[in-house]
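A.B. asks: Below: sequence and its predicted model.
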Amino acid sequence: MEANFGPELEARIRHSAARLGREPEELAREVLTRYFEEEARFVDAVRRGEESFERAGYLTHEQVGEGLHRFLQA
């Protein structure tokens, strides 16, 4: 697979790769891998939050504030 990032983004990738002593392709691959891993974690967290909400396993804004207040008083 090849990707055309356009001249500005390609220059930024090349600059960052050079600064890090890496190949541009290697850096781009790592950045994209991290992006997709983080996206998967985010989607999973949203799914777990929705499931928790459906089970009424959530705290109200006031309950969070009260808990934080108690924590800071200790």
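C.D. replies: Alright, I've got the coordinates.
A.B. asks: If we go by neighbour counts, what in the longest helix along the chain is buried?
C.D. replies: Looking across the chain with DSSP state H, the single longest helix is helix 24-54. Residues of helix 24-54 classed as buried under the neighbour-count rule (16 or more other CB atoms under 10 Å) are 24, 27-28. In short, each C-beta sits where N, CA and C put it, glycine included.
A.B. asks: can you give me the mean pLDDT across that helix?
C.D. replies: Mean pLDDT, helix 24-54: 93.
A.B. asks: ok, Phe53 to Val46 distance?
C.D. replies: From Phe53 across to Val46, the span is 10 Å (CB to CB, to the nearest Å).
A.B. asks: on that earlier part again, reformat the buried residues of helix 24-54 as JSON lines; add distance to Ala3.
C.D. replies: Converted to JSON lines, the buried residues of helix 24-54 look like this (distance: CB to CB, whole Å):
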{"residue": "Pro24", "distance to Ala3": "11"}
{"residue": "Leu27", "distance to Ala3": "13"}
{"residue": "Ala28", "distance to Ala3": "8"}
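A.B. asks: Looking at those, which one is closest to Ala74?
C.D. replies: Leu27 (45.4 Å; CB to CB).
A.B. asks: measure the residue at minimal distance from the centre of the chain to Val31 for me?
C.D. replies: The structure's the chain has its C-alpha centroid closest to Glu38; by CA atoms, centre = their mean the separation is 4.3 Å. Counting by CB to CB, the separation of Glu38 from Val31 is 11 Å.
A.B. asks: same check, this time on Arg22
C.D. replies: Arg22 is 11 Å from Val31, by CB to CB.
A.B. asks: How about Gly49?
C.D. replies: For Gly49 relative to Val31 (CB to CB), the value is 27 Å.
A.B. asks: What angle do helix 24-54 and the helix or strand containing Glu8 make with each other?
C.D. replies: Assigned by DSSP states H and E, Glu8 falls within helix 6-20. If you take axes from the mean of the first three to the mean of the last three CA atoms, to 10 degrees, helix 6-20 sits at 100 degrees to helix 24-54.
A.B. asks: Helix 6-20 - contacts with which helices or strands?
C.D. replies: helix 24-54 (3 or more CB pairs under 8 Å, 6 or more residues apart in numbering; DSSP states H and E).
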